[in-house]
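Undergrad: I would like to see how this sequence folds:
(chains A and B)
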Amino acid sequence: MSKKGIPWISAIPLALFLILALFLLRGLYMDPRELPSALEDKPLPEFALPVLQQPDRIVSKQDLLGKPFLINIWATWCPTCYVEHPYLHTLAKEKGVRIIGLNYKDEREKALNYLDKLGDPYELVLVDQKGRLGIDLGVYGAPETFLVSADGVILHRHAGDMNERVWQKEFLPRLQPQGATP
Amino acid sequence: MILRWFLMLALLLGGGSALADIDVYPFEDPKQEERFRRLIEEFRCPKCQNQTLSDSNAPLAKDLRELIYEQIQAGKTDAEIAAFLQQRYGDFVLYNPPLKANTALLWFGPFIALLLVLVFLIRRKMARAKESPSVLTPEEQARLQTLLNEQNKDKA
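TA: Modelled structure (predicted):
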């Protein structure tokens, strides 16, 4: 055995262990449900969907552009949507944020009832009954919220409930370079 | 008694609705059906942590199965269907990760580890060969002989 070789070779298992421990430690603080969005910095997909309150009125992507806005995917079957609903009111009323609701795979009557009872923070609610825009957006559950720039580019996607912390940490920093509040 | 009947009825009704949930996709071409079966095994359900589209009962997995069915009917190739899903849900849906900068370690890591071990083993072997001369000096040879002789004497 070469005496020179011993120290660095015997350090290898320890180094490997430390690297593994570091990865495992990091894993403790990661949410496996949080997926990277494949759509960030890509244009919002094209769509033409009816408005919840006026089923005859069809709205497309072009009708929404001009100022940044949020797309909030919600449904009456989604418990977390009830949780985040009050904060959507705060965003709309106090911060003047444009929120487009996307009623995702829901029933019209129930959705109307929900907004009646809990109030309507949305500029517009579109109906995605079959969930096809949801698939185009890569939605895998509700609620999800997308930040869209004035010219229709997806700046950010957040899966889970909207709240003050998420707004401050994830949405505002991406909005400020845009120079305007939605 | 009434409760028992009620439970039985509930079981029957529940079973019926579970059966109704199994989707049926009519295929005219058995080759297309085989492609469909293979494709839904190949993609991961985005809603679930580790289930294929075919395994999962999530409504989203059902929607995506339907979508794959439609795309097969529309004559899309496997690569086009994979690209469609990847554009929307990212690499997460692929069980077979593409070779990219951030997956290079995943692809080449095992080979790099193997190479390192080989280099280590060869170096050690070479170092040993250099340091331990296999031939004994004449004095050592003589000493060995006396030791062996002594041992033989003891036995005898």
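
Undergrad: ok, and does the helix or strand hosting A:Leu91 reach over to chain B?
TA: For A:Leu91, the host element (DSSP states H and E) is helix A:79-94. No - residues of helix A:79-94 are not located near chain B by CB under 8 Å from any CB of the partner chain, the shortest gap being 14.2 Å. To be clear about C-beta, it is placed using only N, CA and C from the backbone, and glycine gets the same treatment.

Undergrad: what's that helix in contact with?
TA: A:70, A:72, A:74-75, A:97-99, A:118-119, A:121-123, A:142-143, A:160-164, A:167 (CB atoms under 8 Å, 6 or more residues apart in numbering or on different chains).

Undergrad: ok, then the element right after whatever helix or strand A:Ile12 lives in?
TA: Using DSSP H and E, A:Ile12 sits within helix A:6-28. Where DSSP H and E defines the elements, the next helix or strand beyond helix A:6-28 is strand A:48-50.

Undergrad: gap between that next one and the chain center?
TA: Distance, stretch centre to chain centre, for strand A:48-50: 20 Å (CA atoms, centre = their mean, to the nearest Å).

Undergrad: mind listing what's buried in it?
TA: A:49-50 (16 or more other CB atoms under 10 Å in any protein chain shown).

Undergrad: and it, what other elements does it pack with?
TA: Packed against strand A:48-50 by the contact rule (3 or more CB pairs under 8 Å, 6 or more residues apart in numbering or on different chains; DSSP states H and E) you find strand A:58-60, strand A:124-128.

Undergrad: so which of those strands is nearest B:Phe108?
TA: When those are compared by CB to CB, strand A:124-128 sits nearest B:Phe108, at 41.9 Å.

Undergrad: I would like the residues contacting the helix holding A:Ile12, please.
TA: So helix A:6-28 is contacted by B:Phe120 (CB under 8 Å, 6+ apart).

Undergrad: quick one: that helix to chain centroid distance?
TA: Per CA atoms, centre = their mean, the centroid offset for helix A:6-28 relative to its chain is 36 Å.

Undergrad: and the pLDDT at B:Val119?
TA: Note on B:Val119: pLDDT of 94.

Undergrad: helices of chain B, start to end?
TA: Remark: helices assigned in chain B by DSSP state H are B:2-20, B:30-42, B:59-73, B:78-89, B:104-131, B:138-155.

Undergrad: worst mean pLDDT among these?
TA: helix B:2-20 - the lowest mean pLDDT of those, at a mean of 54.

Undergrad: list the contacts of B:Arg37.
TA: B:Ser54.

Undergrad: any idea how far chain A is from B:Arg88?
TA: Between B:Arg88 and chain A the distance is 4 Å, computed by CB to the nearest CB, to the nearest Å.

Undergrad: I'd say that residue and A:Asp136 touch.
TA: Yes - if you go by CB atoms under 8 Å, B:Arg88 and A:Asp136 touch, sitting 6.3 Å apart.

Undergrad: list the buried residues in stretch B:44-51.
TA: Residues B:44-48 are the ones in stretch B:44-51 that count as buried (16+ other CB under 10 Å).

Undergrad: ok, that stretch near chain A or not?
TA: Yes - interface with chain A: stretch B:44-51 contributes B:46-47, B:49 (CB under 8 Å from any CB).

Undergrad: returning to what we had before: in CSV, list the helices of chain B along with distance to A:Leu172.
TA: Shown next, in CSV, are the helices of chain B (distance: least, CB to CB, whole Å):
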stretch, distance to A:Leu172
helix B:2-20, 46
helix B:30-42, 40
helix B:59-73, 30
helix B:78-89, 26
helix B:104-131, 34
helix B:138-155, 81
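
Undergrad: ok, the residue of chain B found nearest chain A - how many residues close by?
TA: Proximity of chain B to chain A (CB to the nearest CB) peaks at B:Gly90, 3.6 Å away. Neighbourhood size, B:Gly90 [other CB atoms under 10 Å in any protein chain shown]: 17.

Undergrad: can I get the buried residues of stretch B:44-51 in a markdown table including pLDDT and distance to B:Leu106?
TA: What follows is those, written out as a markdown table (pLDDT from 0 to 100; distance: CB to CB, whole Å):
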| residue | pLDDT | distance to B:Leu106 |
| --- | --- | --- |
| B:Arg44 | 88 | 15 |
| B:Cys45 | 87 | 21 |
| B:Pro46 | 84 | 20 |
| B:Lys47 | 82 | 23 |
| B:Cys48 | 80 | 21 |
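
Undergrad: could I get the buried residue list for the one helix or strand in chain A whose mean pLDDT sits lowest?
TA: Lowest by mean pLDDT, DSSP states H and E among the helices and strands of chain A is helix A:6-28, with a mean of 86. For helix A:6-28, a neighbour-count test (16+ other CB under 10 Å) marks nothing as buried.

Undergrad: using CSV, list the CA coordinates for it.
TA: The C-alpha coordinates for helix A:6-28 follow below in CSV (Å, rounded to 0.1, in the frame of the first residue of the first chain):
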residue,chain,number,x,y,z
ILE,A,6,-4.2,6.4,2.1
PRO,A,7,-5.5,9.7,3.3
TRP,A,8,-7.4,10.9,0.2
ILE,A,9,-8.8,7.5,-0.5
SER,A,10,-10.2,6.9,3.0
ALA,A,11,-11.8,10.3,2.7
ILE,A,12,-14.0,9.2,-0.2
PRO,A,13,-16.7,7.3,1.8
LEU,A,14,-17.0,10.3,4.1
ALA,A,15,-17.3,12.7,1.2
LEU,A,16,-19.9,10.5,-0.5
PHE,A,17,-21.9,10.2,2.8
LEU,A,18,-21.8,14.0,3.2
ILE,A,19,-23.0,14.6,-0.3
LEU,A,20,-25.8,12.1,0.1
ALA,A,21,-26.8,13.7,3.5
LEU,A,22,-26.9,17.1,1.8
PHE,A,23,-29.3,15.8,-0.9
LEU,A,24,-31.5,14.1,1.7
LEU,A,25,-31.5,17.2,3.8
ARG,A,26,-32.6,19.3,0.9
GLY,A,27,-35.3,16.8,0.1
LEU,A,28,-36.9,17.4,3.5
